[in-house]
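Engineer: got a predicted structure here, sequence first:
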Amino acid sequence: MTLTPPAYGDRSLADVVPSVARALGVELDGHPVGFELPPAPSYVVFLVDGMGAELLTRYSHAAPYLSSLVAGGATGTAGVPSTTATSLTSLGTGLVPGAHGLVGFTARIPGTDRLLNHLWWDKDVDPLEWQPHPTALGRLAHAGVNVTSVNKRDFDGSGLTVASQRGATYVGADRVGERIAATVAASADQPSLTYVYDSDLDWTGHKFGVASTQWLQQLAMVDAEAEQLREALPSSTRLLVVADHGMVDSPREARVDVDEVDGMRDGVALLGGEARFRHLYCAAGAVPDVVATWRDVLGERATVLTREDATARGWFGTVAPGVRPRLGDVMVACHGDTAVMSSRDFAYEDTLVGLHGSLTSTEMLIPILVG
């Protein structure tokens, strides 16, 4: 199985805001060149959760407006793992996962036997300590650019929002019409960057799958939203459409439950990550046996690596010392439509149809579309 490596420093989500900053005439020191965007006095970055580049191509008939931009657009990558919390933080901070530290859907809180769920967070974990670096959005605002985040009201002040977007002015908007109106108002200032987020496609894919009628209908609604947003914005404002990851449907027969297979729990003190990308936190001295067991059970269905091997491959970019213990001692990246479940620890995951997190091209490749 060929895995798709992250394009850090070139066309990854961490390169989006620095690239937009350059197009606005502002350089964010310490960031690589990234990709070129046309100069403009204001930019709107519209992130569609779950709209991978391969899915957009496969179902182009359901998204005629966005598909019309593909020919002139580019393809970028998510970071590793290809999951929402990691991706949104890379976008907002301009940092690779090994630097910002949100290294999965769930990850171990160092020195404990607990996991931090990066979407739901934990009131005992200060997001300013968990992710202490200034965000790229905040640095851009400090440089004199009007930076606004348009997102659901429920996300205002959440741990993930503070970790990934602090420094931007937050505008709560739950409905499509509200989002478009708020985005148009915010982008009227120059220079400006307005970030707007839509999570509905991802939710639909998780619940019904990306091969479902429901998902195709939701993609059509996202397409209409993007087109309406473009029409509502002045011609001088550029619209940049990206995604945080793609998604694959995992049928029941492709799933492995670690609680039903003898030996898979042996030596694993804590099971983290998510179904397509597991972090295995091992008992002392157990790593070689865990690697051998999981490779034997999963075979060609997954890549099983030690933390050292995964970081050597550059999966997380340069890993900060404080982030290192959040990574599993062993990591499991699923191939094809395989998913590694736990009926004991992650029962809800087994109710989902569409999943993401691994390094397949369907999950990793994202559109970078300029309208």
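Structural biologist: Thanks, I have it.
Engineer: surely Leu359 is within a helix?
Structural biologist: No. Assessed with DSSP: H, G, I helix; E, B strand; the rest coil, Leu359 is coil; it does not lie in a helix.
Engineer: contacting residues around the nearest residue to it once chain neighbours are set aside?
Structural biologist: Counting by C-beta to C-beta, 6 or more residues apart in numbering, the nearest residue to Leu359 once its immediate chain neighbours are dropped is Leu3, at 4.0 Å. Every residue, glycine included, has its C-beta placed from N, CA and C. When contacts are counted by C-beta atoms under 8 Å, 6 or more residues apart in numbering, Leu3 is found next to 303, 333, 358-360.
Engineer: considering those residues, which possesses the most neighbours?
Structural biologist: Ser358 (31 neighbours; other C-beta atoms under 10 Å).
Engineer: wait, that one sits on Ser82?
Structural biologist: Yes. Applying C-beta atoms under 8 Å, one finds Ser358 in contact with Ser82, separated by 6.6 Å.
Engineer: between these two, what contacts are shared?
Structural biologist: 276-277.
Engineer: now the residue nearest to Leu359, what's its secondary structure?
Structural biologist: If you use three-state DSSP, then Leu3 falls in the coil class.
Engineer: from His335, how far out is it?
Structural biologist: Leu3 is 8 Å from His335, where distance means C-beta to C-beta, to the nearest Å.
Engineer: now do the shared contacts for those two.
Structural biologist: 303, 358, 360.
Engineer: could you list every helix and strand that the helix or strand hosting the first one packs against?
Structural biologist: Just to be clear, that refers to Thr303. Taking DSSP states H and E as the criterion, Thr303 maps to strand 302-306. The contact analysis (3 or more C-beta pairs under 8 Å, 6 or more residues apart in numbering; DSSP states H and E) places strand 302-306 against helix 287-298, strand 330-334.
Engineer: mind giving me a markdown table with these and columns for distance to Lys152 and mean pLDDT?
Structural biologist: Output for the helices and strands packed on strand 302-306, formatted as a markdown table (distance: least, C-beta to C-beta, whole Å; pLDDT from 0 to 100):
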| stretch | distance to Lys152 | mean pLDDT |
| --- | --- | --- |
| helix 287-298 | 37 | 98 |
| strand 330-334 | 29 | 98 |
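Engineer: quick one: the helices in the chain?
Structural biologist: Taking DSSP state H as the criterion, the chain carries its helices at 16-23, 53-58, 64-70, 84-93, 97-100, 127-130, 136-142, 159-165, 176-187, 200-208, 213-232, 287-298, 307-312, 361-364.
Engineer: of those helices, flag the one that's most buried.
Structural biologist: Each of the helices of the chain was scored by mean neighbour count; the highest is helix 84-93, a mean of 28, by mean count of other C-beta atoms under 10 Å.
Engineer: what about that helix, average pLDDT?
Structural biologist: Per-residue pLDDT over helix 84-93 has a mean of 98.
Engineer: angle of that helix against helix 200-208?
Structural biologist: Using axes from the mean of the first three to the mean of the last three C-alpha atoms, to 10 degrees, one finds that helix 84-93 and helix 200-208 are set 170 degrees apart in direction.
Engineer: list the contacts of Val248.
Structural biologist: The contact partners of Val248, by C-beta under 8 Å, 6+ apart, come to 210, 276, 336-337, 354-356, 360, 362-363.
Engineer: make a PyMOL selection of the buried ones in the residues you listed.
Structural biologist: Filtering the contacts of Val248 down to the buried ones (16 or more other C-beta atoms under 10 Å) takes a single PyMOL command:
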select buried, resi 210+276+337+354+355+356+360+362+363
